[in-house]
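>>> this is a predicted model, with the sequence first.
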Amino acid sequence: MKIGYLDCFSGLSGDMILGALLDAGLPLDMLTAELAKLPLTGYRLSAQPVRRGIITGTQVEVFSEGSAQERRNLEEILNLIERSGLTQRVKKRSALIFERLATAEAKVHRLPIEEVHFHEVGAVDAIVDVVGAVLGLDLLGIEALFSSPLPSGSGTVQTEQGVLPVPAPATLELIAMAGAPIRPSPSPGMELVTPTGAAIVTTLASFESPIFSLERIGYGVGFRDLPTIPNVLPLWIGEKMVEERQLLLLETNIDDMSPELHGHVLERLFEQGALDVWFTPIQMKKNRPAVMLSVIAPSEVEGKMVEAILRETSTLGLRVNRIERHEAEREIVLFDSSLGKVMVKVKLLHGARIALSLEFEDCRRLAQEHNLPLQEVYRIVTAEASTQLLK
């Protein structure tokens with residue numbers, strides 16, 4: 001599977017993402033031809049090589065004129081995308097980015113989502129950045145996108161809405177909604193992550209470091225000349241490799257220990273690094289009822305597992321087998337449902353989101369807060385999350 005990894009060490013914006021995609025081999029004429037399927041006029045896309053420090057990359061700028069800077073609400077942008085000649089996949093992913101951004105803006109301004117009017121991010125250049133990023137990933141055949149932690153930036157930034165703190169409130173809300181990692185900025189006193197860049201990455205990317213064979217690198221160049229580091233966004237492209245992970249299956253039969261201790265043993269094993277623990281009812285010699293304790297754990301914590309089992313149970317020995325396990329890709333999303341926030345585990349296959357499961361404790365909390373049956377909370381949140389996350 002071909003993947004992309006964004007190394008956001010020096011910032012992130014929509015135009016930097018486009019620049020990195022073009023620098024990695026995306027033909028400009030192919031991108032502009034696809035963007036022409038949007039019912040948008042009054043703009044021109046420019047891409048040119050620019051040097052920052054010792055790194056030369058591609059800088060993209062969207063020149064717009066006249067009404068191209070008009071403000072739009074979410075419904076107008078979604079209608080514009082839907083009326084385009086783009087593929088359904090590009091339409092859905094682009095719409096999801098703007099829906100996430102509208103949700104963040106609504107939270108910041110304490111408004112219903114339908115009353116949110118985009119300012120800078122509703123203009124043509126922002127629409128081109130968002131749709132162009134989705135198109136670029138598809139045209140390069142990138143099936144899954146990953147990202148490093150995002151630099152926080154600091155200070156203030158001048159916007160159409162006045163002077164705002166950095167990160168901008170919408171940017172910060174987007175990062176919080178995704179549960180994305182954030183780190184202190186190496187270049188204080190400026191904005192490094194824009195709302196458009198944050199919306200794209202928090203919607204499309206997983207914040208983890210995959211193992212993959214690197215094939216090519218593209219650099220998107222920003223418009224800041226930073227004093228300490230080059231203002232570039234590297235995009236690493238390659239084939240994801242299957243991570244060979246040596247796992248252990250540890251088992252022991254127990255027939256002479258109080259069942260009251262089983263729960264404590266399970267908790268202790270998880271604390272020591274177990275991946276999974278379960279008990280199976282069995283019959284032992286002389287027809288004694290017993291349980292078989294089974295533990296799956298990484299090989300590097302074998303010593304801790306053995307010691308915990310021998311110390312916390314009555315067994316005199318245990319069996320250890322080396323095993324292999326196939327795992328689906330997954331990502332953790334903090335989903336903002338109509339009932340409240342719920343952590344959602346999303347299952348991926350070949351980069352596509354195909355299923356999801358909800359965090360039990362979050363659903364139980366919402367059931368108590370709203371005085372609803374737990375199964376009703378599961379039904380409501382599952383339906384909402386499936387609609388938004390499995391597009």
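That came through fine. Predicted model, so just to flag it, every value in this text is computed and none were measured.

>>> for the protein, give me the ranges with low pLDDT.
Judged by pLDDT under 70, the chain has its weakly predicted residues at 66-70, 117-122, 154, 156-162, 186-189, 242-245, 391.

>>> farthest residue from the center of it?
Going by Cα atoms, centre = their mean, the residue of the chain most distant from its centre is residue 286, 54.1 Å out.

>>> would you mind giving the secondary structure of that residue?
helix (DSSP: H, G, I helix; E, B strand; the rest coil).

>>> repeat that for residue 210.
Applying three-state DSSP: residue 210 is coil.

>>> how far away is it from residue 326?
Look at residue 210 and residue 326: by Cβ to Cβ, to the nearest Å, they are 16 Å apart. Heads up, the C-betas are built off the backbone N, CA and C, glycines and all.

>>> out of these two, which sits in the busier spot?
residue 210 (17 against 5; other Cβ atoms under 10 Å).

>>> that one and residue 204: what is the separation?
Residue 210 is 15 Å from residue 204, by Cβ to Cβ.

>>> also residue 93?
7 Å.

>>> list the residues that contact both of those two?
residue 134 (Cβ atoms under 8 Å, 6 or more residues apart in numbering).

>>> could you pull out the strands for the stretch 251-391 of the chain?
276-283, 289-298, 319-323, 329-336, 341-349, 352-358 (DSSP state E, counting those that start in this stretch).

>>> next, the angle from the longest one to strand 319-323.
Taking axes from the mean of the first three to the mean of the last three Cα atoms, to 10 degrees, strand 289-298 and strand 319-323 form an angle of 40 degrees between their directions.

>>> other SSEs contacting strand 289-298?
If you count contacts as 3 or more Cβ pairs under 8 Å, 6 or more residues apart in numbering; DSSP states H and E, strand 289-298 packs onto strand 247-254, helix 262-271, strand 276-283, helix 302-312.

>>> reformat those as CSV; add distance to residue 174 and mean neighbour count.
Formatted as CSV, the helices and strands packed on strand 289-298 follow (distance: least, Cβ to Cβ, whole Å; neighbours: other Cβ atoms under 10 Å):
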stretch, distance to residue 174, mean neighbour count
strand 247-254, 36, 18
helix 262-271, 32, 15
strand 276-283, 33, 13
helix 302-312, 39, 16
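
>>> got these as TSV, with distance to residue 224 columns?
Shown next, in TSV, are those (distance: least, Cβ to Cβ, whole Å):
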stretch	distance to residue 224
strand 247-254	46
helix 262-271	45
strand 276-283	47
helix 302-312	47
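
>>> out of these, flag the one nearest residue 341.
helix 262-271 (24.2 Å; Cβ to Cβ).

>>> closest one to residue 43 among the strands of the stretch 251-391 of the chain?
Taking these one by one with Cβ to Cβ, strand 352-358 is closest: 31.2 Å.

>>> quick revisit: which of the helices and strands packed on strand 289-298 sits closest to residue 84?
Among the helices and strands packed on strand 289-298, strand 276-283 sits nearest to residue 84 (Cβ to Cβ), with 45.9 Å.

>>> what's next to that closest one, contact-wise?
253, 262, 265-266, 269-270, 289-296.

>>> that one to helix 262-271, inter-axis angle?
Going by the same axes, to 10 degrees, strand 276-283 makes 150 degrees with helix 262-271.

>>> can you tell me the strand partners of strand 276-283 and which way each runs?
Here strand 276-283 is paired, per DSSP bridges, with strand 289-298 (antiparallel).

>>> output the strand it pairs with as PDB, nothing but the C-alphas.
The C-alpha coordinates for strand 289-298 follow below in PDB (Å, rounded to 0.1, in the frame of the first residue of the first chain):
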ATOM      1  CA  PRO A 289     -13.600 -27.200  37.400                       C
ATOM      2  CA  ALA A 290     -10.800 -24.700  36.600                       C
ATOM      3  CA  VAL A 291      -9.800 -21.800  34.300                       C
ATOM      4  CA  MET A 292      -7.100 -21.500  31.700                       C
ATOM      5  CA  LEU A 293      -5.400 -18.100  31.900                       C
ATOM      6  CA  SER A 294      -4.300 -16.900  28.400                       C
ATOM      7  CA  VAL A 295      -2.100 -13.900  27.800                       C
ATOM      8  CA  ILE A 296      -0.900 -12.300  24.500                       C
ATOM      9  CA  ALA A 297       2.100 -10.000  25.000                       C
ATOM     10  CA  PRO A 298       5.100  -8.600  23.100                       C
END
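
>>> distance from that strand to the middle of the chain?
With Cα atoms, centre = their mean, to the nearest Å as the basis, strand 289-298 stands 34 Å off its chain's centre.
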